[in-house]
Structures are given as structure tokens and as C-alpha cells.
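make a model of this:
(chains A and B)
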Amino acid sequence: MPKMTLSHFEASMLFSLFTSVVLGVVTKRNDRDRLHYGIYTFVCFFAALFGLGWLMYFGHG
Amino acid sequence: MAKEKEQKQPLPPVAEWAPALALSWLVPGGGHLLLKRTGRGLLLMAAITSMFVCGLMMRGAMFQPESGDLLTTLINTGGFIGDVASGILYLLSQMLGYNQPDVAGAVHDYGTKFLVTAGLLNILAMVDAFDIAVRRKD
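The predicted structure follows:
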């Protein structure tokens, strides 16, 4: 199996994408809500990623 | 009145939900496919399988149950349960001899987390398939 080398950002984005899809599918009761929740979860992951990234950047001084 | 609504209905016979639950564990999304929720089943299958395969390609390590101090036991047993929850993906990787030692490195570490998370997401899919099979959900 080929080896995959990803940056932190790429790995986090992939993680967010797959997790958001599953959370969207299993959480809500109709397709519209599922799509909205999946997108919402992905945006939350994305915001947390950038937020924590900047926090660590400033924390390092 | 609210309590009446919340009153739990009796669980249908095991034969009605066990196949969906078992298939859901064995094949991610398989329970949904069995219950004729094709779109959702395929989405779950694609997401969970992709996550597991990415974990393998990043050379993540599989957990083995270990005893020791409480934290070691919790992490390794929990990780092992997460790995096994991927069903056939885990079984195949073991049968085909995947044996990546736990080495230092961000990519390996991400891989390990991808492998465990794929299993944990499959547990969510199993719960969803169960809810559909017992008619708590469409």
C-alpha cells in the first residue's frame, strides 16, 4: 500500500471531512437537516483548527 | 403528556434488528444498505472506509490491549476497541499482515488516530442502523 505523507493542515482537513459526513448522516432526521449539520460540523472543525493554530502561534511568542 | 410521548416502545424481536446491527459492524454502512437506506449507507461506507484507508496509508499503529497502569490500560484497550469496531477493514488488515509499530512522527500519529476514529464513527453508524431497524428513526 502506498505511503501517504500529509501536512498537519491536510490531515486535519481530511479528518474533518470524513467525520462531518458521518455526523451529518447519523444525527438528523431528514436530508436537508443532515446536509446543514454536516456543513455546520465541518465549519466548526475548520474554525477550531484555525483558532487553535493561531492560539498556539501566539502562545509560542 | 410529554412523559406519555417519551414512553419507550417495546423493542422489536432480536431477529428484526440483529442482522442490521451485525452487518453494520462488519461492513461500514452495510446495515443501512440492508435497511434500504442506500444513499446514507454509501456515504457512511465511503467516509469510514476512506478514513481507515488513509490511516493505513499514513502507517498508523493498531492498538493491542495492554495491562499496566490505569492510563495505559485505558488508552490501549480503548484504542483496541476503536480499531476492532471497523469490522472487516480491521479483520482484513490483520489477515493481510498489517503490523505497523508505534513510531514517533506526526503523520504516523495522525494515522493511528484515523484508524481509531474510523472505528468510533462506525459505532455511530451501528447505533443509527439500530435506531432505523427498531423504527425509532426513518
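
check the chain for its longest helix and report it.
Just going to use chain A. helix A:31-60 (DSSP state H).

look at chain B instead
If you go by DSSP H, chain B has its longest helix at helix B:106-133.

so how far is it off the chain centroid?
4 Å (Cα atoms, centre = their mean, to the nearest Å).

pull out the buried positions in that helix.
Residues B:107-122, B:124-126, B:128-130, B:132-133 are the ones in helix B:106-133 that count as buried (16 or more other Cβ atoms under 10 Å in any protein chain shown). C-betas here are computed from N, CA, C, even on glycine.

keep these, but drop any that are not near chain A.
Checking the buried residues of helix B:106-133 against chain A by Cβ under 8 Å from any Cβ of the partner chain, the ones in range are B:107, B:110, B:113, B:114, B:117, B:118, B:121, B:124, B:125, B:128.

want to throw those residues into JSON lines with pLDDT?
Shown next, in JSON lines, are those (pLDDT from 0 to 100):
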{"residue": "B:107", "pLDDT": "91"}
{"residue": "B:110", "pLDDT": "95"}
{"residue": "B:113", "pLDDT": "96"}
{"residue": "B:114", "pLDDT": "97"}
{"residue": "B:117", "pLDDT": "97"}
{"residue": "B:118", "pLDDT": "97"}
{"residue": "B:121", "pLDDT": "97"}
{"residue": "B:124", "pLDDT": "97"}
{"residue": "B:125", "pLDDT": "97"}
{"residue": "B:128", "pLDDT": "97"}
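
mind exporting the C-alpha coordinates of stretch B:12-25 to PDB?
Provided in PDB are the C-alpha atoms of stretch B:12-25 (Å, rounded to 0.1, in the frame of the first residue of the first chain):
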ATOM      1  CA  PRO B  12     -38.900  -5.500  18.400                       C
ATOM      2  CA  PRO B  13     -37.700  -9.100  18.400                       C
ATOM      3  CA  VAL B  14     -33.900  -9.500  18.100                       C
ATOM      4  CA  ALA B  15     -34.200 -11.100  14.700                       C
ATOM      5  CA  GLU B  16     -35.500  -7.800  13.300                       C
ATOM      6  CA  TRP B  17     -32.500  -5.700  14.300                       C
ATOM      7  CA  ALA B  18     -29.600  -8.000  15.000                       C
ATOM      8  CA  PRO B  19     -28.700  -8.700  11.300                       C
ATOM      9  CA  ALA B  20     -28.600  -5.000  10.500                       C
ATOM     10  CA  LEU B  21     -26.500  -4.300  13.600                       C
ATOM     11  CA  ALA B  22     -24.100  -7.100  12.900                       C
ATOM     12  CA  LEU B  23     -23.800  -6.200   9.200                       C
ATOM     13  CA  SER B  24     -23.300  -2.600  10.200                       C
ATOM     14  CA  TRP B  25     -20.300  -3.600  12.300                       C
END
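
contacts only, for residue 8.
Just so you know, I chose chain A. Going by Cβ atoms under 8 Å, 6 or more residues apart in numbering or on different chains, residue A:8 touches B:106, B:110.

same question, residue B:132
Listed by Cβ under 8 Å, 6+ apart, the contact set of residue B:132 reads B:20, B:31, B:32, B:35, B:37, B:138.
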